[in-house]
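In: Can you look at this prediction? I've put the sequence above it.
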Amino acid sequence: MSKVAVAADADAGFPLSHHISVLGTSGMTAYGGLFEVGKPVKGEKVFVSAASGSVGSLVGQFAKIAGCYVVGCAGTQAKVTMPSISITSQCFCAAMSYTCQPSDLARQAVDEFFSQVDLLRDKLGFDDAFNYKEEPDLKSALKRYFPDGIDVYFENVGGEMLEAALANMNTYGRVALSGVIAEYTGGGRRAVPDLLDVIYKRITIRGFFAWDFLPRFAEFNAVIGEWIRDGKVQVVEDVSDGLESVPSAFAALFRGQNVGKKLVKLA
């Protein structure tokens, strides 16, 4: 059982781990992919797959800041232990129902148990969330969550999920293709999208990498830092201890068992 740290920023500086998560490639992928590729407009409907992962958990929060309706999916109901870590953030502390004092610079942990779906809805502010493995028909499931269609789909899974999302996209919908975790190991079948549907609906599908957005890195760093300070973004880091945990930590990424950014603490 992993320990999941939801961390807020200190008045000066961020934990080093943030620079390889929310302020690193995960954050840049989420920020650039959503705003440069997805181009959400206030009031639009956004769907995020693998929403409890390092990128998806940020995409959903960014989309909410942009004024969108956001639904995410996760792949497990397994419970995780969440020590709620707070470092002098008034907004975050209020959400966690206790008041921070200056002495709270030391980390405080309160163990709580959540499923990934609970985490998305109750802690990260998604409007709704579901476990896609409990849905026998993904197209029907997305129709239920998006009766008026999807405007922006942030894709991290591939396979049947991509097919189902495309079937529910609105005209001029945008797909930000960040990853296809279901297709990496050969265990899942590759997506076979209905290309006629893509044509008729004039859907834009674009793949990208975090470094595509390097010219905007200074802007990204400033904006995300401010959002963390204001309590608008919560940083989720899934930390395992010791070099011996590296194989299981790596394998967890392909099983959808990580929550937030998967990190291994060596010392």
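Out: Sure, I can see it.

In: Next one, pLDDT for E237 please.
Out: In this model, E237 is scored at 81, pLDDT.

In: The helix or strand harbouring it pairs with which strands, parallel or anti?
Out: The secondary structure element spanning E237 is strand 235-241 (assigned by DSSP states H and E). Based on DSSP bridges, the pairing partners of strand 235-241 within the sheet are strand 3-7 (antiparallel), strand 261-265 (parallel).

In: What distance do you get for L166 to K64?
Out: Remark: distance between L166 and K64 (Cβ to Cβ, to the nearest Å) = 23 Å. Every residue, glycine included, has its C-beta placed from N, CA and C.

In: neighbour count winner among the two?
Out: Taking L166 and K64 together and counting by other Cβ atoms under 10 Å, L166 has the greater number of neighbours (24 against 18).

In: Work out for me the element the more buried one sits within.
Out: Under the criterion DSSP H and E, the helix or strand holding L166 is helix 159-167.

In: Extract the CA atoms of that helix and return them as PDB.
Out: Provided in PDB are the C-alpha atoms of helix 159-167 (Å, rounded to 0.1, in the frame of the first residue of the first chain):
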ATOM      1  CA  GLY A 159      -7.200   1.300 -26.900                       C
ATOM      2  CA  GLU A 160     -10.900   1.100 -26.300                       C
ATOM      3  CA  MET A 161     -10.800   4.300 -24.200                       C
ATOM      4  CA  LEU A 162      -9.800   6.400 -27.200                       C
ATOM      5  CA  GLU A 163     -12.500   4.800 -29.400                       C
ATOM      6  CA  ALA A 164     -15.200   5.400 -26.800                       C
ATOM      7  CA  ALA A 165     -14.100   9.000 -26.300                       C
ATOM      8  CA  LEU A 166     -14.100   9.800 -30.000                       C
ATOM      9  CA  ALA A 167     -17.600   8.300 -30.300                       C
END
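
In: what's the following helix or strand after that helix?
Out: Helix 159-167 is succeeded, C-terminally, by strand 169-177 (DSSP H and E).

In: That next one pairs with which strands, and in what direction?
Out: Strands flanking strand 169-177 in the sheet, each with its direction: strand 150-155 (parallel), strand 204-207 (parallel) (DSSP bridges).

In: So which of the ones you listed is the most surrounded?
Out: Of all the strands paired with strand 169-177, strand 150-155 has the most neighbours on average by mean count of other Cβ atoms under 10 Å, namely a mean of 27.

In: Other residues contacting that strand?
Out: Contact with strand 150-155 is made by 33-34, 38-41, 44-49, 55-56, 59, 63, 68, 142, 161-162, 165-166, 168-170, 173-180, as judged by Cβ atoms under 8 Å, 6 or more residues apart in numbering.

In: so how far is that strand off the chain centroid?
Out: Remark: strand 150-155 is offset 13 Å from the chain centroid, using Cα atoms, centre = their mean, to the nearest Å.

In: Give the rounded mean pLDDT of it.
Out: The predicted model gives strand 150-155 an average pLDDT of 98.

In: now that strand against helix 159-167, angle please.
Out: Computed by axes from the mean of the first three to the mean of the last three Cα atoms, to 10 degrees, the angle separating strand 150-155 from helix 159-167 equals 160 degrees.

In: Restricting to C-alpha, output strand 150-155 in CSV.
Out: Taking only C-alpha atoms (Å, rounded to 0.1, in the frame of the first residue of the first chain), the coordinates of strand 150-155 have been written out as CSV:
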residue,chain,number,x,y,z
ILE,A,150,-17.0,15.9,-24.9
ASP,A,151,-15.2,19.0,-26.1
VAL,A,152,-11.7,18.2,-25.0
TYR,A,153,-10.2,14.7,-24.3
PHE,A,154,-6.8,14.4,-22.6
GLU,A,155,-5.7,11.0,-23.6
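
In: Name the residues of the helix of greatest length in the chain that are buried.
Out: The single longest helix within the chain, with elements called by DSSP state H, is helix 217-229. Of all the residues in helix 217-229, those buried under the rule 16 or more other Cβ atoms under 10 Å are F220, N221, V223, I224, G225, W227, I228, R229.
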